[in-house]
Structures are given as structure tokens and as C-alpha cells.
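**Q** have a look; sequence and predicted model below, questions after that.
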Amino acid sequence: MQDILISGASITGPALAWWLERAGFRPVLVERTPGRARGGHAIDVRGAALRVLEAMGLAAAARASAMRMKGVSVVDDHGQELWRSEEMTISGGRFDNPDIEILRDRLSHVLVDALSPPVEIRYGDSIAALQDDGAGVDVTFASGHRQRFDLVIGAEGLRSQVRRLVFGEDKDFLRSFGIALAPFSAPNTLGLEDWQISYKGSAGGYMVYTTPENDELRVCFNVPATLDDNPGGRDEQMALIRAHTAGLQWETPRFLEAMAAAPDFYLGLIAQVRMPRWSTGRVALVGDAGYCPSPFTGQGATLALVGAQVLATELSRTPDDHVAAFSGYETRMRPFVEANQAIADLTTVPEFSEDPEYYARVVEPVLDKAKFAIELEGLD
Ligand SMILES: Cc1cc2nc3c(=O)[nH]c(=O)nc-3n(C[C@H](O)[C@H](O)[C@H](O)COP(=O)(O)OP(=O)(O)OC[C@H]3O[C@@H](n4cnc5c(N)ncnc54)[C@H](O)[C@@H]3O)c2cc1C
């Protein structure tokens, strides 16, 4: 039995803890936010990740909390519909497949609720320093608490602290797409029902969609950004959004008002994480921290859930040999990660937004292959 610290309790962290606890390890989660995940955008559980969720017995719970989208409209500066589809959405793809589109906070709650009581989640704390002496890892937390673990796993997303402490700076591993997204909740002032709108104005645009209850919208503004930008705190970030949306029309003033009041507003760079390896000594990375594919692929949650299951399976195969386990994890995951990260090359070309048929013709066939591009073991 080994004590394993997992830093980050969004999607990857609780999924990994679930599989590790089941395999007889003692996982502990540390999460820097004061409580459970809140807000966020719609994410997709596809292909191999759906099989992982089914094996966890959580597919029904995820479906019950899933998005209920019926279609998408593209509108212009005056709200005039330019195009519509009742067969797909831009965020989730076509409806005629079993994939699950779900808000990030809701999937996180499904995963956290599935953890049995021995799995501790320490909210409001984070790793300040760690020292791997070959036989274990001494961790000092921001709270001042110290504890020794057998292994430490970073599941802290794109801006992982464990990655920074152990592997190197963000600039060494992040491939920026030059854009940051700002999702937040807003009242459903449009009266939309199970619908998504992509606003394409003469000076730019953004995406809006309903929550499953239709009581709220999630709005997702975007601004140009580089890796080195430091937009500061909430006020500076909102000032940046206001400056970049100044020329936009449609419902923009109303959404800017809602943004100011949104409790869950955040601004995040869109980037991929590309690393030559995801482990060193007794420390490893999983999910976005190690191989974020970026929202341009829609495959982040899929890599997160599959990565958690593969890492746990490899650790349970050789519980006394983490080197072999980490090596097995890297060997099995890398082709899957590469196949899914490559989707961003197809969705960041002008045709993606200009040609309504491009998704079905070009992206979907590649995605349908990539989402299954791994042999899963230990699911029974
Ligand atoms: C705008 C946007 C749109 C997206 N759209 C899609 C999509 O359509 N489909 C899809 O599949 N994916 C999408 N994604 C990606 C998806 O959200 C991620 O891939 C997925 O959430 C990865 O989960 P994770 O647990 O690895 O990381 P995250 O969800 O980023 O979670 C990291 C967790 O670690 C915590 N944390 C951070 N730093 C520390 C620290 N120092 N100490 C302790 N805890 C810490 C955070 O609070 C958070 O709870 C999108 C992402 C964004 C930003």
C-alpha cells in the first residue's frame, strides 16, 4: 500500500484517486480552491474515455447532468441568423454518437461524489515545495503542513505547479495559440432553450450556450494573449476583455454587465502542453498538466479520464516499481496523446470557421479515430 499525493481535484485528480483507491493505494487530494469546482465550460467525454466512465459506473450520472443541446445558430452583428444546425453544436460536435457533453464543474462533481470516504480532499491548500530523495517525497504545503508521500502526481491543469517545481518553467512546455478564453455564467436574458449561439460580427465574436436547466447561459469571450502576458487579477482581466470587445455588437453590452457580476469568471490562455516525458523520480504528471491538447481539440477531458485510468492500471501492475509503472504509462499514453493533440492543427485553420461543412468533412473522421486510439486494460 502506498501513500500517493494528487495535486488538483477537477477531472483528472478525482478520477485518478478513484482508480488508485480501488487498486489498494492510499490517495490524498489537495486542491487550491476553497471548495468543489465551480463554473467552467462544456467539455466532452468521448470514445475510450466513455468506456472508462462506464467502467467506473458513472456514465449514467454524467448523462443525467449532461448538456441537452438541440442545435446551434451563427448570428451576425444584428442577431440575424446566418446558419443553423439541429444535428450538431460547435462545442460538442454531432448528436448522433454516444459521447457526453457536460459542463466541467458538473463532471467534476460526479467524479468527486463517487470517491469513497477514505479518500481525503484537502481544499484550500497547495504544494509549496517538494523534495524527492529517491525513497519518498517530502512535501511542504502552503498551509505549512509537511508530509512524506511515496509518490506525487500533478493533476493541476495547464499551469501546473508540480510541473513548474519539478520539470521546468511553463515556457519550456506550453505551445500557445495566441488567444485566451474567458468563460463565465450569465442570466439567460436571451430566453434560449438548449441552444448554442456563435456570434460572428464584423469585428470579432464569441460563443454563448445554455446550461441544462436553461436558467443560465455560459458566455465565452476571447482575447489575444501570449504566454508572457500577465493580465493580473479579476479587475485587470475584465478591463482587458472590455478593451477587446469594444467594437463588438449584438448582445455584447448586456454580457459585459453580466461578466462584472459573474462569480465564476476566469481568463485562461489557450495552449497545448508538450513534454518529452511526464515523470521523473517519484513525481508524474497526468491530464492537462502533462499533455493538455487545448480546447481546439475538445479532447482534454477524454485525455484526462483515460490518462488517470492508464496511470492507475500501470501502478497497480507493478506497485513496488514506480519506474516501470511510469514507463508503461508513458508508452501506452503517448500515441493517444499525439493523435488527439494533432486535431488542433485541423481546427485552427480559417476553413473551420468559414466553411460550415468542414467539421463533418475533415475534423470528424480524424476525431472518430483519435478518440479510440488506445487499448484499455483493467476495466473489468
Ligand atoms: C475554455 C475551455 C474550453 C474547453 N473545452 C473543452 C471541450 O470542449 N472538450 C474537452 O474535452 N475539454 C475542453 N477543455 C479542456 C478541459 O477543461 C480540460 O482538459 C480538463 O478539465 C482537464 O482536467 P484536469 O483535471 O487535468 O485540469 P483542470 O480541469 O484544469 O483542473 C486542474 C485543477 O487543479 C487545481 N489546481 C491548479 N493549480 C493548483 C495548485 N497549485 N495546487 C492545487 N490545486 C491546483 C485547479 O483549481 C483545478 O481544480 C476546455 C478548456 C477550456 C479552458
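**A** Received the coordinates, thanks.

**Q** residues near the residue nearest to Asp288 when sequence neighbours are not counted, how many?
**A** Excluding the flanking residues, the one nearest Asp288 by Cβ to Cβ, 6 or more residues apart in numbering is Gly157, at 4.4 Å. Just so you know, the C-beta spots here come from the backbone N, C-alpha and C atoms, and that holds for glycine as well. A total of 21 residues lie near Gly157 under the criterion other Cβ atoms under 10 Å.

**Q** wasn't Leu379 part of a helix?
**A** No: with DSSP: H, G, I helix; E, B strand; the rest coil as the criterion, Leu379 is located in coil rather than a helix.

**Q** how many residues are close by it?
**A** Neighbours of Leu379 (other Cβ under 10 Å): 12.

**Q** same check on Phe95?
**A** 15.

**Q** partner strands of the biggest strand by length in the chain, with direction?
**A** Secondary structure of the chain read by DSSP state E shows that its longest strand is strand 174-187. In the sheet, strand 174-187 lines up against strand 216-224 (antiparallel), strand 268-273 (antiparallel) (DSSP bridges).

**Q** relative to the ligand, which of these is closest?
**A** strand 268-273 (4.7 Å; Cβ to the nearest ligand atom).

**Q** just checking, next helix/strand downstream of the longest strand of the chain?
**A** strand 195-201 (DSSP states H and E).

**Q** in that following strand, what counts as buried?
**A** 195-201 (16 or more other Cβ atoms under 10 Å).

**Q** element containing the closest residue to the ligand within the stretch 51-200 of the chain, please.
**A** Closest residue of the stretch 51-200 of the chain to the ligand, Cβ to the nearest ligand atom: Gly157 (2.5 Å). Under DSSP H and E, no helix or strand contains Gly157.

**Q** next one: Val337
**A** helix 322-341.

**Q** could you confirm whether the following helix or strand past that helix reaches the ligand?
**A** Per DSSP H and E, the first helix or strand lying C-terminal to helix 322-341 is helix 344-347. No: remark: helix 344-347 sits outside contact range of the ligand, by Cβ under 6 Å from any ligand atom, the gap being at least 10.6 Å.

**Q** which parts of the helix or strand that comes right after helix 344-347 are buried?
**A** For helix 344-347, the following helix or strand on the C-terminal side (DSSP H and E) is helix 350-354. Across helix 350-354, burial judged by 16+ other Cβ under 10 Å covers no residue at all.

**Q** next one: stretch 365-375
**A** 366-367, 370-372, 374.

**Q** residues in contact with that stretch?
**A** For stretch 365-375, contacts defined as Cβ atoms under 8 Å, 6 or more residues apart in numbering pick out 46-49, 93, 99, 298-299, 302, 306, 310, 332-333, 335-336, 339-340, 342-343, 346.

**Q** recalculate using a threshold of 7 Å.
**A** 46-48, 302, 306, 332, 335-336, 339-340, 343, 346 (Cβ atoms under 7 Å, 6 or more residues apart in numbering).

**Q** picking that back up, tell me the angle the helix holding Val337 makes with strand 174-187.
**A** 70 degrees (axes from the mean of the first three to the mean of the last three Cα atoms, to 10 degrees).

**Q** what about whatever residue of the chain ends up closest to the ligand, neighbour count?
**A** Relative to the ligand, the nearest point of the chain is Gly300 (1.9 Å; Cβ to the nearest ligand atom). Neighbour count of Gly300, defined by other Cβ under 10 Å: 25.

**Q** go on, Val75?
**A** Neighbour number of Val75 under other Cβ under 10 Å is 20.

**Q** let's number from 6 now, not from 1
**A** Sounds good: first residue 6 from here, last item Val80.

**Q** picking that back up, average pLDDT across the helix holding Val342?
**A** Averaging pLDDT along helix 327-346 gives 98.

**Q** now it: buried residues?
**A** For helix 327-346, by 16+ other Cβ under 10 Å, it's 327, 330-331, 333-335, 337-338, 341-342, 344-346.

**Q** mind checking how far that helix is from the chain centre?
**A** 18 Å (Cα atoms, centre = their mean, to the nearest Å).

**Q** just the CA trace of that helix, in PDB.
**A** Taking Å, rounded to 0.1, in the frame of the first residue of the first chain, the C-alpha atoms of helix 327-346 are listed here in PDB:
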ATOM      1  CA  HIS A 327       7.100   3.100  -9.900                       C
ATOM      2  CA  VAL A 328       9.800   3.500 -12.500                       C
ATOM      3  CA  ALA A 329       8.300   0.600 -14.500                       C
ATOM      4  CA  ALA A 330       4.800   1.900 -13.900                       C
ATOM      5  CA  PHE A 331       5.600   5.400 -15.100                       C
ATOM      6  CA  SER A 332       7.400   4.000 -18.100                       C
ATOM      7  CA  GLY A 333       4.400   1.800 -19.000                       C
ATOM      8  CA  TYR A 334       2.100   4.800 -18.600                       C
ATOM      9  CA  GLU A 335       4.200   6.900 -20.900                       C
ATOM     10  CA  THR A 336       4.500   4.200 -23.600                       C
ATOM     11  CA  ARG A 337       0.800   3.500 -23.700                       C
ATOM     12  CA  MET A 338      -0.400   7.100 -23.500                       C
ATOM     13  CA  ARG A 339       1.900   8.900 -25.800                       C
ATOM     14  CA  PRO A 340       0.400   7.800 -29.200                       C
ATOM     15  CA  PHE A 341      -3.100   8.500 -27.900                       C
ATOM     16  CA  VAL A 342      -2.000  12.000 -26.700                       C
ATOM     17  CA  GLU A 343      -0.200  12.800 -30.000                       C
ATOM     18  CA  ALA A 344      -3.200  11.600 -32.100                       C
ATOM     19  CA  ASN A 345      -5.600  13.900 -30.100                       C
ATOM     20  CA  GLN A 346      -3.300  16.900 -29.900                       C
END
